[in-house]
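Colleague: A structural model of the following input is requested.
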Amino acid sequence: MSFFKKIFSSEKKETLDKGLEKSKSSFFDKLGKAVAGKSKVDDDVLDNLEEILVSSDVGVNTTLKIIDRIEARVEKDKYLGTAELNKILREEIAGLLSETNSGEETEYTIPANKKPYVIMVVGVNGAGKTTTIGKLAYQFKKKGLKVVLGAADTFRAAAIDQLQVWADRVDVPIVKQEMGSDPASVAFDALESGVSQNADVIIIDTAGRLHNKVNLMNELTKVKRVMQKVVGDAPHDVLLVLDGSTGQNAFEQAKQFTAATEVTSLAVTKLDGTAKGGVVIGISDQFKIPVKYIGVGEGLNDLQVFNKYEFVDSFFK
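Modeller: Residues are numbered from 1 along each chain as shown. Predicted structure coming up:
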């Protein structure tokens with residue numbers, strides 16, 4: 001597939017290669033053992049590959065889909081050497097990611113016809129939600145866009161304080177109230193403030209509680225409804241932040257949040273500290289929601305715009 005010959009931004013690609021190192025080395029160590037002494041892809045190799053994909057947190061359903069595709073290639077070609085397995089895996093996984101992700105994005109962009117562009121960020125506490133918001137604000141500001149933050153996770157004082165730290169760090173305005181305030185009220189004020197300041201982007205943090213799905217659903221619905229009194233079609237993006245290092249737990253979080261509200265994009269964080277990078281493939285495939293950002297380090301530039309070609313190239317390099 002010619003798209004693997006693309007020339008990527010070297011600095012970004014180096015960071016991605018490094019960030020996925022644990023996932024890649026774990027995967028290929030297992031794959032090497034699975035094909036040791038084998039010259040062709042047979043049932044044993046496929047069984048071992050299935051086990052490797054599942055243990056890499058690709059997920060059972062997505063793994064079965066990949067295995068089915070490889071079996072079809074084996075059937076069609078009659079003889080498939082194990083040396084070709086890496087190339088075929090790249091192609092089939094890129095094909096799966098293509099069904100949800102356009103894959104061409106490399107820059108932080110917002111639609112030209114949406115001003116202010118309102119992003120509502122959801123996710124459980126500890127998934128990297130506040131850090132993702134801070135890094136997004138930094139990247140948008142770097143592009144010359146005016147950004148306003150809204151601290152609508154009012155159930156934890158720490159959440160408001162953490163967002164304030166990020167607002168100070170990247171030097172963008174923040175709208176907040178006291179802990180225990182109505183989240184919808186904070187969101188309303190943030191949008192009013194953003195509109196009055198002629199902001200390009202408004203990012204709203206929300207509470208990350210999953211103990212009661214009905215409460216979560218009602219709360220997020222109310223926040224949306226109140227925002228629409230200021231900006232009629234807000235939010236333009238509902239970004240779900242998932243902790244990639246939790247593997248299968250991230251699937252469960254995605255299931256809960258997609259049941260509670262309409263999620264339009266995903267950010268998968270903490271991929272640099274884990275061997276569970278395969279979770280990006282499974283979540284993208286199972287939920288049919290595009291992965292917009294991935295976190296591959298702690299630096300301000302280590303939240304990257306997800307590009308499926310770069311990801312697959314780094315994973316199978």
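Colleague: Every contact and neighbour count from this point should use C-alpha atoms.
Modeller: Will do.
Colleague: And the strands in the protein, which stretches?
Modeller: For the chain, strands defined by DSSP state E occupy the ranges 117-122, 147-152, 174-175, 201-206, 237-243, 265-269, 291-295, 303-305.
Colleague: contacting residues around the last one?
Modeller: Contacts with strand 303-305, where a contact means C-alpha atoms under 8 Å, 6 or more residues apart in numbering, come from 12, 105-108, 132, 135-136, 269, 292-297.
Colleague: let's go with 7 Å and repeat that
Modeller: Strand 303-305 is contacted from outside by 105-108, 135, 292-296, using C-alpha atoms under 7 Å, 6 or more residues apart in numbering.
Colleague: Give me the mean pLDDT for it.
Modeller: Averaging pLDDT along strand 303-305 yields 92.
Colleague: That strand pairs with which strands, and in what direction?
Modeller: Strand 303-305 pairs in its sheet with strand 291-295 (antiparallel), by DSSP bridges.
Colleague: before we move on, the earlier item: would you list the strands of the chain in TSV and tack on distance to residue 194?
Modeller: Formatted as TSV, the strands of the chain follow (distance: least, C-alpha to C-alpha, whole Å):
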stretch	distance to residue 194
strand 117-122	10
strand 147-152	6
strand 174-175	9
strand 201-206	6
strand 237-243	16
strand 265-269	22
strand 291-295	23
strand 303-305	24
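Colleague: Dump these into CSV; add mean neighbour count and distance to residue 281 as well.
Modeller: Compiled in CSV, the strands of the chain are given as follows (neighbours: other C-alpha atoms under 10 Å; distance: least, C-alpha to C-alpha, whole Å):
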stretch, mean neighbour count, distance to residue 281
strand 117-122, 24, 20
strand 147-152, 28, 30
strand 174-175, 22, 34
strand 201-206, 27, 26
strand 237-243, 25, 13
strand 265-269, 26, 11
strand 291-295, 25, 9
strand 303-305, 24, 15
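Colleague: quick one: the helices in the stretch 201-317 of the chain?
Modeller: Applying DSSP state H, counting those that start in this stretch to the stretch 201-317 of the chain gives helices spanning 213-227, 248-260, 279-287, 308-315.
Colleague: if I look at the most centrally placed residue in the chain, how far off is residue 135?
Modeller: With distances taken as C-alpha atoms, centre = their mean, the residue of the chain nearest its centroid is residue 267 (2.3 Å). Remark: distance between residue 267 and residue 135 (C-alpha to C-alpha, to the nearest Å) = 12 Å.
Colleague: repeat for residue 33
Modeller: According to C-alpha to C-alpha, residue 33 and residue 135 sit 39 Å apart.
Colleague: And for residue 292?
Modeller: To residue 135, residue 292 is 14 Å away according to C-alpha to C-alpha.
Colleague: Could you double-check that residue 260 lies in contact with residue 217?
Modeller: Yes - between residue 260 and residue 217 there is a contact under C-alpha atoms under 7 Å: 4.5 Å.
Colleague: got any residues that touch both of the two?
Modeller: Counting by C-alpha under 7 Å, 6+ apart, nothing touches both residue 260 and residue 217.
Colleague: quick one: low-confidence ranges for the stretch 201-317 of the chain?
Modeller: Low-confidence segments of the stretch 201-317 of the chain (pLDDT under 70): 210-213, 317.
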